[in-house]
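Peer 1: got a sequence here, can you model it:
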Amino acid sequence: MKKIVFIFLSFIIALPTVNAQKGIDFRFSYTAGGKMLMYVDSLAKNVFYANVFQNQPHTAFNFLPEVHNVSIQIYFRKTDSPEHYRYTILEDNKPIVVNKPIDVAKLKNVGRGEDEVLRSTTFGIFPIKNKIITIITYDIQKPQDVYKTVFYGKPIPRAKIKGFAKRFKVHNGVDYSWITGLKDRTTITFAEKDDELTLIKDKSDIDYLYSISIKDKQTDKIIFESTTWKYGGYLEESLEFSPYIKIDKSIFKKSGDYEIIIQPLIRREGCLNCDLSDKDFEKYITRHTLSITLDEENYTKKELLIYTLIVALSIGLIFLIILYFNKKRNKKKLAENEQQKNIAKLQLNSIRSQLNPHFLFNALSGIQNLMNKNEIDNANQYLSKFARLTRNVLDDKELISLSQEKTLLDDYLQMEQLRFGFNYEINHSEDLDLDIVEIPSMLLQPFVENAVKHGIAKKATEGKVTITFIKQANNLVLTVVDNGNGFDTTKKSNGLGLQLSDNRVALLNSIYKKNRFTLAIQSTTNGTEVNLTLTEWL
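Peer 2: Got it, this is the predicted structure:
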């Protein structure tokens, strides 16, 4: 489904883009990882797109060996804030743009993807043949999450094994014996004191791309795999700062030949317009044969049994010790968490006790206003609604159902309708059972009150407030929208209701750690939209 959405998105974006590119025929578009889309030459083949790696969670790699030019775009969803994004562009690891903000004025609506309007802007067209273009992006609100997208137009170099090191025990610790100057085959003899083999590779800027596996050539089975290259450590001076991987001797169960395979983690199934054969792909793979001899294979069965029993007893004892301390630590941690949760609940009750009189004071002001204008009938209706609303507001429940929340908001809005004459509606998703789903009490009321008092009060019958309860997968999204004059969201609010609501959301996040409460407020001169998302709530 995700692939279909991206193809649809790419087609929509491609229509204006093709016309905009002068002198270059871009017909094919691909996802490039993160929020990036790329457009490549119409005749380009072997486009490996959006490769990701476990050891580099925020890196996407695009291998473009036969592409001459690439047009790179970034797109944003409705929930994104493009004005908070910064980007840096490198060409062959040299910066050409540094920490530049997105030009929001150039963002264009480019259609829909996953049921929402998308916006996009281009970084430009880049010659990519025999070059590397790297785009680094981050959101200033989440500076710890830096995303890197690499467009690699050079041939991927075949990894070179620079040497091996055997580790063995000595009187004061361990020592190493080095094997360098390698050919296609390396012979290694493991003595009893040897316990580890280190493989050292030549260093490159794309070490994260390479994986290593070891195959038993006698059984044709893979016995070792890794992508975790380390740097530094106790290496010879000539090998210092080279990437290396440690291999426990125990993986070699018997003497014989083993094959080391180092290859780039490029998904062949992720290649579009691909015409590479197995033979073509082989040029990126390094193969090296290890001829292993194990001296300790001559151990007697009795010795092996004794060693096995000792190890089993030791492991069992260590396991019991670890279990005991873990249980003790977990018990202490649970007590601390419970204490913190109780403190947060007390603070939450304190905020709720501040919200109640704040609401009641505003409601009484409304009754007084109607009486001063001699609107006795409206004041009586207002007072009738106010009586039921007061009972609900003063009810000290931590959670109430969505149907109760809807009733409370209905009473409040009908009450305020008598004063200001605006219109309102409360909607919800058809698959959302309002009687079953519960939320913290008085969760939306401050935002609704703010929409009425500061948004549409002066608009009379032209004013409108829309409240929606939406089910999105396992998330519950609550929205309050008004068509008032809006306000500057960057300035700190002087209203007590919004301040208390912000504090309340923060405390709810400390209590419901598995259910993140996210508050987003967007306001323009045409109105204000408040979105409160309760993640994994349903």
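Peer 1: going forward, measure contacts between C-alpha atoms and count neighbours the same way
Peer 2: OK.
Peer 1: so which residues of the stretch 1-150 of the chain form helices?
Peer 2: Assigned by DSSP state H, counting those that start in this stretch, the helices in the stretch 1-150 of the chain fall at 2-20.
Peer 1: pLDDT below threshold where in it?
Peer 2: Applying pLDDT under 70 to the stretch 1-150 of the chain flags residues 1-29, 111-116.
Peer 1: rerun that using 80 as the cut-off
Peer 2: Along the stretch 1-150 of the chain, the parts satisfying pLDDT under 80 run over 1-30, 34, 41-43, 110-117.
Peer 1: what ranges does it have for its strands?
Peer 2: Along the stretch 1-150 of the chain, counting by DSSP state E, counting those that start in this stretch, strands occupy 26-33, 36-41, 47-53, 56-63, 69-76, 85-91, 94-101, 108-113, 116-127, 132-139, 142-152.
Peer 1: from the contact counts, what lies against the longest one?
Peer 2: Contacts defined by 3 or more Cα pairs under 8 Å, 6 or more residues apart in numbering; DSSP states H and E place strand 116-127 against strand 69-76, strand 108-113.
Peer 1: got it, and the second one?
Peer 2: Taking 3+ Cα pairs under 8 Å, 6+ apart as contact, the helices and strands that strand 36-41 lies on are strand 26-33, strand 69-76.
Peer 1: quick one, which of the ones you listed is nearest to residue 322?
Peer 2: Closest approach to residue 322 among the helices and strands packed on strand 36-41 (Cα to Cα): strand 26-33, 41.6 Å.
Peer 1: where exactly do the helices run in this protein?
Peer 2: 2-20, 278-281, 301-372, 376-394, 402-420, 445-450, 496-511 (DSSP state H).
Peer 1: still on that earlier bit, can you add mean neighbour count and give the strands of the stretch 1-150 of the chain back as JSON lines?
Peer 2: Listed next are the strands of the stretch 1-150 of the chain as JSON lines, based on neighbours: other Cα atoms under 10 Å:
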{"stretch": "strand 26-33", "mean neighbour count": "20"}
{"stretch": "strand 36-41", "mean neighbour count": "22"}
{"stretch": "strand 47-53", "mean neighbour count": "22"}
{"stretch": "strand 56-63", "mean neighbour count": "19"}
{"stretch": "strand 69-76", "mean neighbour count": "20"}
{"stretch": "strand 85-91", "mean neighbour count": "18"}
{"stretch": "strand 94-101", "mean neighbour count": "13"}
{"stretch": "strand 108-113", "mean neighbour count": "16"}
{"stretch": "strand 116-127", "mean neighbour count": "16"}
{"stretch": "strand 132-139", "mean neighbour count": "20"}
{"stretch": "strand 142-152", "mean neighbour count": "18"}
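Peer 1: out of those, flag the one nearest residue 384.
Peer 2: Proximity to residue 384 (Cα to Cα) singles out strand 116-127 among these, at 42.2 Å.
Peer 1: the closest one: partners in the sheet, and parallel or antiparallel?
Peer 2: The sheet places strand 116-127 alongside strand 69-76 (antiparallel), strand 108-113 (antiparallel), with pairing taken from DSSP bridges.
Peer 1: got a markdown table for these, with distance to residue 194 too?
Peer 2: Formatted as a markdown table, these follow (distance: least, Cα to Cα, whole Å):
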| stretch | distance to residue 194 |
| --- | --- |
| strand 69-76 | 52 |
| strand 108-113 | 58 |
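Peer 1: so which of the helices and strands packed on strand 36-41 is nearest residue 276?
Peer 2: Among these, the nearest to residue 276 by Cα to Cα is strand 26-33 (18.8 Å).
Peer 1: can you give me the domain boundaries for this protein?
Peer 2: Domains of the chain are assigned by automatic domain parsing as 2-152, 161-298, 331-534.
Peer 1: that's all I had, so thanks and see you.
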